[in-house]
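[1] Whatever this is, show me its structure:
(2 chains)
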Amino acid sequence: MASIQETLKQRFQTALASAFGASYAETDPILGVSSNPKFGDYQANVALSLAKPLKQPPREVAQAIASALVVDDLCETPTVAGPGFVNLTLKPAYLAQWLTQVQSDPRLGIAPTAHPQRVVVDFSSPNIAKEMHVGHLRSTIIGDAIARILEFQGHDVLRLNHVGDWGTQFGMLITYLREACPEALTTSDAVDLGDLVVFYKKAKQRFDEDEAFKETARQAVVKLQSGDAESLKAWGLLCDQSRREFQVIYDWLDIELTERGESFYNPYLADVLTGLIEAQLLVEDAGAQCVFLEGYSNKAGDPMPLIVKKSDGAFNYATTDLAALRYRIGQDKADRILYVTDAGQATHFAQFFQVAQRAGWVPDTVTLTHVPFGLVQGEDGKKLKTRSGETVRLKDLLDEAIARTRSDLQQRLQTEDRTETEDFIEQTARTVGLGAVKYADLSQNRTSSYIFSYDKMLALQGNTAPYLLYAYVRVQGISRKGNIDFSALGDTPLVLEEETELTLVKHLLQLADVVEQVSQDLLPNRLCQYLFELSQKFNQFYDRCPVLQAEEPQRTTRLVLSETTARSLKLGLSLLGIKTLERM
RNA sequence: GCGCUUGUAGCUCAGUGGAUAGAGCAACCGCCUUCUAAGCGGUCGGUCGAUGGUUCGAUCCCAUCCAAGCGCGCCA
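    The predicted structure follows:
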């Protein structure tokens, strides 16, 4: 089933061609949801922009379009309003027909994409030997949501965890452990991740202060990258330790990833250099192998290089990123590669994309996109820290959200004199708490920073996960109370009359267009906004339209409306990686 | 110095080349004999950072400026 906007767009293009000639068959009708319900449901603004080339007053152009438009199966007679808007109002009969069709459609009327692509989504990417912290929250949550949306559309998605398992930090860590805790390098489970983090901090301190240590550490990286057996064993142990800890978080958050760290590309690093030589881009400067960039200058105004091999012989992240890019295009056959990282890395991506393009490694059919996001800030507007000024561990952050939800819930149970099992309380607290953290992040415009607040994300009112989950729960309440089997409602014809019913179904109809839009602009907050408005519209309907006590055909109509709302919420939330509950 | 991002209601944030710029929170006023009131309705609240320009039309596009944040040769 084509989405409503897709259908209307085609109708407009047919009308444009018949009114002004075949050359207008591809013209964008500039269609959108009406700015105000009093103007109808959809509006096309194309007449205003066509007035000049056609040398006709915009209202006449609009009138010509409206006259040529064949939409009587969907809409009331189109009207021309204002300076030249064509306004459309959907017919209740069409809406009822749509609702009937969608009732038996598990995809809720959202067709899979006609052009499936192989998409790599590179996200999360924590560093080995460090704990996952707030800094990984956004990449993990946003990347997962984007992957889910593209998967739902029918794209072949490869979710890659480009873990930092190969860089300078290993030189430091191995060098430090060799003197401080040698058994960690030879025995599995000799230390846990918490200890490793402490060691890492100390190693980093030594690295910054002690020149001799720095040199030894650098040599250790080169040794590791050249395949030294002892180094590799130590490295493997450290990675295993970290990996287990990461998995705990991923399990909590219900996130699936294929780990393919920086080390994976080690065998391909030399080819990057060879390739750059072939492309005649590689230049040696101050002992380092680099490619000079177009359009970037340093503080002195001189051209800036992208360094692919350091003067000490070690490769760095730019080399790894280039190797990964080649592998993803060449071996993974990616058509679209998305990098979900913080906005601070924008320059790096632009630079290495440029080098890859100039080297001729990116076919025209492949798109590379950096999907940037802003910082998670504390209430003070600065980067989120604990009270003692430490980085906030992701695990602690999630724990806190669950704990606060649990205590809110218990308090509410007490005031409402309800009794629930421990299991119910635990399940609810986890689903709501984790959902709230995810939703709070996803509902912000990705590109800007946001202020992290447990109070706001867990609030029961407003644009929050609990509000949406409650709307879902309300429908489950109806079906429980009425003992409704939604799969056996019979074939009562649906009749939409009440204002809140029509408003609700018109909103339900928009899900397909919203999903399509989000898959293009990669802004999950638009889906959040849609789901929030859906919940509001459902609550208004719920407030004014009794369901179970209504007479037929209202009763069946309202049951279908409720159920379709619930399924839309569940689907939408699932695309955001958020689970629903039957009761809360 | 160069580059990127952000600046919209008291607060947190949406939003769009088009018809009176939206929501939530906060404040205040209403609504439970009825499917969970974790809800609904209403009131209050704005020179869309500033100034120019493009356009029939700019909060949106362009330029300049102001403010905040971030990045800028061997970290990722």
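[2] what's the domain layout of chain A?
    As recorded under automatic domain parsing, the domains making up chain A are A:4-90, A:168-259.
[3] Dump the ones you listed to JSON lines, plus distance to residue A:449, mean pLDDT and mean neighbour count.
    (Glycine included, C-beta is placed from N, CA and C.) Below are those laid out as JSON lines (distance: least, C-beta to C-beta, whole Å; pLDDT from 0 to 100; neighbours: other C-beta atoms under 10 Å):
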{"stretch": "domain A:4-90", "distance to residue A:449": "29", "mean pLDDT": "94", "mean neighbour count": "18"}
{"stretch": "domain A:168-259", "distance to residue A:449": "21", "mean pLDDT": "87", "mean neighbour count": "17"}
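[4] will you turn the ones you listed into TSV that also has distance to residue A:491?
    Supplementary listing: the domains of chain A in TSV, determined by distance: least, C-beta to C-beta, whole Å:
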stretch	distance to residue A:491
domain A:4-90	21
domain A:168-259	37
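[5] Where do the strands of the stretch 401-550 of chain A begin and end?
    Ranges of strands within the stretch 401-550 of chain A are A:450-451, based on DSSP state E, counting those that start in this stretch.
[6] Which single residue in the stretch 251-400 of chain A comes nearest to RNA strand B?
    residue A:310 (2.7 Å; C-beta to the nearest atom of the strand).
[7] ok so, going back, nearest to RNA strand B, out of the domains of chain A?
    domain A:4-90 (2.9 Å).
[8] Span of that closest one from start to end?
    End-to-end distance of domain A:4-90 (C-alpha to C-alpha, to the nearest Å): 10 Å.
[9] what about it and RNA strand B, any contact?
    Yes - applying C-beta under 7 Å from any atom of the strand, one finds that domain A:4-90 is in contact with RNA strand B at A:30, A:34-36, A:38-39, A:43, A:45, A:48-49, A:51-52, A:81-83, A:85, A:87.
[10] picking up where we left off before, and the residue of the stretch 251-400 of chain A closest to RNA strand B, how many residues sit next to it?
    For residue A:310, the number of neighbouring residues by other C-beta atoms under 10 Å comes to 18.
[11] repeat for residue A:153
    The number of residues packed around residue A:153, counting by other C-beta under 10 Å, is 21.
[12] Isn't it up against residue A:519?
    Yes - taking contact to mean C-beta atoms under 8 Å, the distance of 5.6 Å between residue A:153 and residue A:519 places them in contact.
[13] any shared contact partners between the two?
    residue A:113 (C-beta atoms under 8 Å, 6 or more residues apart in numbering).
[14] Beta-bridge partners for the nearest residue to residue A:31 once chain neighbours are set aside, please?
    When the adjacent residues along the chain are set aside, residue A:31 lies closest to residue A:44, with 4.9 Å between them (C-beta to C-beta, 6 or more residues apart in numbering). Per DSSP bridges, the residues bridged to residue A:44 are residue A:31, residue A:86.
[15] Make sure residue A:44 is actually in contact with residue A:86.
    Yes - distance between residue A:44 and residue A:86: 4.4 Å, which falls inside the contact criterion (C-beta under 8 Å).
[16] Which residues are in contact with each of these two?
    Taking C-beta under 8 Å, 6+ apart as the criterion, residue A:44 and residue A:86 both touch residue A:65.
[17] Just the strands from chain A, written as ranges.
    Using DSSP state E, the strands of chain A run over residues A:31-33, A:42-44, A:79-81, A:85-88, A:118-122, A:156-161, A:258-259, A:282-285, A:288-297, A:303-309, A:336-342, A:367-373, A:376-377, A:450-451.
[18] To residue A:243, which of those strands lies closest?
    Using C-beta to C-beta as the measure, strand A:258-259 is the one of the strands of chain A that comes nearest residue A:243, at 7.1 Å.
[19] From the contact counts, what lies against the closest one?
    Using 3 or more C-beta pairs under 8 Å, 6 or more residues apart in numbering; DSSP states H and E as the contact criterion, the elements in contact with strand A:258-259 are strand A:156-161.
[20] List the strands paired with the strand it packs on, with their directions.
    Strand pairing for strand A:156-161, determined by DSSP bridges: strand A:118-122 (parallel), strand A:258-259 (parallel).
[21] So which of the ones you listed is the most surrounded?
    Ranked by average neighbour count under the criterion mean count of other C-beta atoms under 10 Å, these are headed by strand A:118-122 at a mean of 24.
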